Every structure is written in C-alpha cells, then in structure tokens.
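**Q** For reference, the sequence and a predicted model appear below.
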Amino acid sequence: MTIPGDQQYLADQRADLLRFMAGGAAHAGFGWLREDGTVDGDRPVELWITCRMTHVAALGLMAGEAPADGGPSRSDLRRLVSHGVASLAGPLHDDEHGGWFAAVGPDGPRVRVKQAYGHAFVVLAASSAFLARDPQAVDVLEEALEVSATRFWDDEQGLSVEEWDESWSALDPYRGVNANMHTVEAYLAAGDVTGDPVWHDRAGRIAAHVVAWARANDWRIPEHFDAHWQPLLDHHRDQPDHPFRPYGATVGHGLEWARLLLAVDASRPGQVAGLRDAAVALYDRAVADGWAADGADGFVYTTDWAGSPVVRQRMHWVLAEAVNTATSLHRVTGSARYLRDATDWWRYADTYLVDHELGSWHHELDPENRPAATVWPGKPDVYHAYQAALLPTVPLVPSFAAALAARR
C-alpha cells in the first residue's frame, strides 16, 4: 500500500499523468483536455498548453520510467515530444513576422498577439526537448531565445514586457509579474542548456525586483503594473477570479516564486543577496494567508492586500506549487516543518484533487472542496501536477530537465 507523497505514490502519479496527457495531441499541438482526458474541440490549440505538454513529455522521456497500463511507451513519448516541437516550428509559428501566435485553430491563427507568457513556455519546452535529444529543438530554442531577448527583454529595467501585436509594432502598456515569473523559469532552463550565464543573470535581475516589491508589501507580491512599472493594486477588482490576472495577491504565486528564488540562488550563488530568506518569507506569508483561510482545508486562490480571502476556489496548481516549495525548502534548510507541510498537503491532494477514477487532477475545487469549473473547466494540462510528482526525486538544480539530465 502506498502513502500519498512516498516514492511509489509519486511514481504512480507520474505514470498516470503521462497516460492522461498522451491523449492531448491535436492538429497543431496539444489541445485543452476535458475531465475525461479527451480534447475539447471547441477550443483552439493554445501556445502555452502545447509548450507545457511538450515539456512534460520530454521530462517523461528523460525519466525513462515504466509506463502505466495504457500509458505511453518511450517511443510514444518521443513522438509526443517531436509532435510538440514540430507544432512550434509549424502551425503555431508566425512565419511572416516571427515569434509565435497565442492560439491557432484548424483554419489558422485565432489569437494573433505575441505574449511573453507563451513565449517563455516556448523557451522552456524547447530547452527540455533539446535535453531529450529532439533534433528540431535546437532551432526552436535558438529562435525563442532571440525573440525573447530582442522583443520582450527590457535590459534597462531588467524585466520582461508583456504583449505585442502580431507585427511587433504596438506594445501593450500593461506589465505583469506572472509573465516575468515564467520568464525566470525559462531563463533558468536556457542557462542550464546553453551554458550561457546571461540567462541565469537575467533571471536573477527579475527575481531581485520581485523580492523588493514583495518586501515592501508585507510579502504579498503586486501582480499588475503600468508601463512605468507602477503597481496597479486595484487591477481587475471587477474580475477577481481572472485565470491569469486576478485582483489582489495570488497565494500560489507567492509559493511558486519562493521555489524559483531558491532555483535562482542555486544557479548563481550569491548573485542576489537574501534570496533564501525571501523564499522563507514568501512561503510563510502564502501559507498564513492561504491555507484553510476560511476554515476548510485547501489554499484559497486570492486574498486582498490585508490577507483576507477574495476568491475562495481551490486551484490544483497552487497545491502543486506548495508541495514543491515545501520540499525545496526542506532540502535547503533541513527544517522538519517543511517536510510536515508537504506530507499534509500530499494527503489533501490525494483526498480531494487527484481524480482516482478518470485520471489527472481536478483543476479547481469550490470552497467545500468539491470539483468546480468556474475558472478552470476541464483538466487543460498536467504540467503543475507532474512537476510536483517529479521534484522530490531529482537533484535541486535550476530546471527540471537539467535535473533529470544530471541524474541520467
């Protein structure tokens, strides 16, 4: 009998998540998955989902584990990686202007804007596919890094801008921390793959900004900014449950940033002072504000700037990042409290989030921990859950693919 969070349990989770994601291959990448793992044909193929699934397929291939019943073999995973990379080189790519469309349908582009969020995931997917030895990945990675450096990276600010129009002629004035967070993740992976220290350096510059903003705001990270990087603390007050830009403090991002700060510190020890202490402060604030904040177990989605819950839905990705960060902090500090937290949260995940009948994790629960779909209908991708099941088994290095390569 396995115990939630133990080695066999994590291996079973990884195998089942790969089985679930294998059904996501669509005409131009990977589609949005329904509750039962079938592709929702009414939705376009989105860049970020295609990249995340390509990344996970590459991790699964590199891990070389036995497949679940009905799950993908090594050759199947290699085909899935190649399919994802080919989609990035093909239908999702803008051959006229360069870069990648945000979403495409069978008839061509559906969302033509160029988003830093999606482009960060192109870098991540191509980095992982390269380490998984996909032959097309190097070309995609080279272009993705060039686009990121020339279109999104603002060297004066040491941050990423958010969104361009199709032809790279009009820059949206909105600036966001979410895209910068995944840019850090992407740059850590790129630095690991290429050996070029510029990417780890840039990840450190972004991290330093976020630490300063969080420290000045009682360790609740401002998410939204204007073109001059002035915080917009009331942004989307009328759309508090926005899936990408919600109002207030996003509990899960405090946890995710805490883990990334440890990864930045591991990539360039001492480059940015105080990252480990900042990671602890972000973690403590997110747990105090978010866990069982309304009396029921689970992390609320968002709080206001005083720490009171705003959106009480429980998102699966928040719990996944919580166990990842707790595990990472336990490794770095040796403190048993983080191990206790991770153990408790794996039990919660197994009870409420893991779908033991259909597979994968419920992406959203209501405040009573029942499956819901107000923000995240279906089970779009397996990226957060798979990484949560993988992290305890690999070395603590900046990127997951590099960790698997080191283990291999």
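**A** Received it, and whenever you're ready, just let me know what you need.

**Q** Which parts of the stretch 1-150 of the chain are strands?
**A** Along the stretch 1-150 of the chain, counting by DSSP state E, counting those that start in this stretch, strands occupy 25-26, 29-30, 45-46, 103-105, 108-111, 114-115.

**Q** And the pLDDT at the spatially closest residue to residue 118 that is not a sequence neighbour?
**A** In space, residue 118 comes closest to residue 47 once its chain neighbours are excluded; the distance is 3.8 Å by Cβ to Cβ, 6 or more residues apart in numbering. Quick note: C-beta positions are derived from backbone N, CA and C, even for glycine. At residue 47, the pLDDT value in this model is 98.

**Q** could you pull out the helices for the protein?
**A** Under the criterion DSSP state H, the chain carries helices at the ranges 7-21, 47-63, 74-89, 116-131, 137-147, 177-194, 197-215, 251-267, 275-290, 316-333, 336-348, 383-390, 400-407.

**Q** Now tabulate those helices in JSON lines and tack on distance to residue 235.
**A** Output for the helices of the chain, formatted as JSON lines (distance: least, Cβ to Cβ, whole Å):
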{"stretch": "helix 7-21", "distance to residue 235": "33"}
{"stretch": "helix 47-63", "distance to residue 235": "21"}
{"stretch": "helix 74-89", "distance to residue 235": "31"}
{"stretch": "helix 116-131", "distance to residue 235": "16"}
{"stretch": "helix 137-147", "distance to residue 235": "27"}
{"stretch": "helix 177-194", "distance to residue 235": "11"}
{"stretch": "helix 197-215", "distance to residue 235": "14"}
{"stretch": "helix 251-267", "distance to residue 235": "14"}
{"stretch": "helix 275-290", "distance to residue 235": "19"}
{"stretch": "helix 316-333", "distance to residue 235": "20"}
{"stretch": "helix 336-348", "distance to residue 235": "29"}
{"stretch": "helix 383-390", "distance to residue 235": "24"}
{"stretch": "helix 400-407", "distance to residue 235": "31"}
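
**Q** The ones you listed: which one's closest to residue 296?
**A** helix 336-348 (10.5 Å; Cβ to Cβ).

**Q** Buried residues, the closest one. List them.
**A** 338-339, 341-342, 344-346, 348 (16 or more other Cβ atoms under 10 Å).

**Q** repeat for stretch 357-367
**A** In stretch 357-367, counting by 16+ other Cβ under 10 Å, buried: 359-365, 367.

**Q** Next up, the contacts around residue 261.
**A** Residue 261 sits next to 207, 211, 275-276, 278-279, 282 when contact means Cβ atoms under 8 Å, 6 or more residues apart in numbering.

**Q** Make a ChimeraX selection of the buried ones in those.
**A** A single ChimeraX command selects the buried members of those (16+ other Cβ under 10 Å):
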select :207,211,275,278,279,282
